[in-house]
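Fold the following.
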Amino acid sequence: MEYFVDKHSIVREIWGKSDTILVIFAGAAAEFALSKAVDWLYFTGRLPSDPLGRLFSTVAYARAIVFAERAAALKAIDTITAIHQGVEKKRGAEIPEWAYRHVLFLLIDYSIRSFELLERPLTAAEKQEVFDVFYRVGSRMGIGGLPQNLTDWEKMRQEQLHRDLQAGDYSKDLFAQYRKHLGEMRYRLLLESQILVVPPEVRNLLGLRKYSLLNPLISLYKLSRRVQLDWVLKELILPGRYKKEIKALNV
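All right, here's what the predicted structure looks like:
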């Protein structure tokens, strides 16, 4: 059976662990709020009204691509494309192509950053694997102007961070929604997690500190996973209604 992502790919390892996925989306939640195209997320209303639900629906599509056989993965990508085209039709405008690239690029970036934070540094070949998978996703979606290799992506990603982000009213409102749906303690944990993983450009626009209060706890958390006590910590910090879904993220 042919898979869209090779069964031994580092991408499967990254997207097969709940804690790595949660850190990916902590970083993505920060950067989404700064996108100059964030108004598109408000047009449907889904993200501000249920940010956690939107997270898990997005994860479901990502995992359908990463772990499915090729035909099913391509179908999932086509469904994502059709959903966005439907939103464009309702609004009577097209989502800017740079906005599509932005989402694709941040998924590449935070996949790498999150794994390296919680596991180990990736080799150049492994980073190339991450790039290749999301490049194929972008190509299938018909996104133009994609970089052809990892080196070009790194350059374009830096340009993107300086050009396509801004802190505005939507940014403030989205973080207010995060706080509302997570509660104060979990919201503070989200902020500290974002400090750990976001690029300096994102951190500066959001006014976050340079160092996270969670930095000293990373080694302790890694140890807890080795002795299988990490779920004791997760039981304390994760919203109860989503614990079942989060456990299901582990492959």
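
Can you list the low-confidence ranges for the chain?
Scanning the chain for pLDDT under 70 picks out 47, 224-243, 245-249, 251.

distance of residue 160 from residue 114?
18 Å (CB to CB, to the nearest Å). Where you see a C-beta, it was placed from the backbone N, CA and C, and this is true even at glycine.

can you check residue 144 too?
Here the criterion is CB to CB. By it, residue 144 lies 28 Å from residue 114.

still on that earlier bit, who's more crowded, residue 160 and residue 114?
More neighbours surround residue 114 than the other of residue 160 and residue 114, with 26 against 20 (other CB atoms under 10 Å).

Next up, phi/psi of the more buried one, please.
phi -70, psi -40 (degrees, to the nearest 10).

list the contacts for the nearest residue to it once chain neighbours are set aside?
Counting by CB to CB, 6 or more residues apart in numbering, residue 23 is the residue found nearest to residue 114 once chain neighbours are left out, at 3.9 Å. For residue 23, the contact set (CB atoms under 8 Å, 6 or more residues apart in numbering) comprises 110, 113-114, 117-118, 193, 196-197.

Closest to residue 52 out of the residues you listed?
Using CB to CB, residue 193 is the member of those that sits closest to residue 52, with 14.3 Å.

Spit out the contact partners of the spatially closest residue to the closest one that is not a sequence neighbour.
Closest residue to residue 193 apart from its sequence neighbours, by CB to CB, 6+ apart: residue 26 at 4.2 Å. Contacts for residue 26 (CB under 8 Å, 6+ apart) come out as 190, 193-194, 197.

Specify which member of those residues is nearest to residue 39.
Nearest to residue 39 among the contacts of residue 26 is residue 194, at 21.6 Å by CB to CB.

Which strands and helices lie in contact with the host helix or strand of that closest one?
Using DSSP states H and E, residue 194 maps to helix 184-197. Under the contact definition 3 or more CB pairs under 8 Å, 6 or more residues apart in numbering; DSSP states H and E, helix 184-197 sits against helix 18-32, helix 97-118, helix 169-182, helix 200-206, helix 230-237.

deepest of those helices, which one?
helix 18-32 (a mean of 23; mean count of other CB atoms under 10 Å).

got the angle between that helix and helix 97-118?
140 degrees (axes from the mean of the first three to the mean of the last three CA atoms, to 10 degrees).

Tell me which helix or strand comes right after helix 18-32.
Scanning onward from helix 18-32 (DSSP H and E), the first element met is helix 39-44.

Tell me which residues are up against that next one.
By CB under 8 Å, 6+ apart, the residues outside helix 39-44 that reach it are 32, 35, 47-48, 87, 90-91, 95, 99, 170, 174.

closest to residue 55 among those residues?
Nearest member of the contacts of helix 39-44 to residue 55, counting by CB to CB, is residue 47, at 9.1 Å.

what about residue 76, distance to residue 68?
Distance from residue 76 to residue 68, by CB to CB: 7 Å.

Next: residue 1.
Taken as CB to CB, the span from residue 1 to residue 68 is 10 Å.
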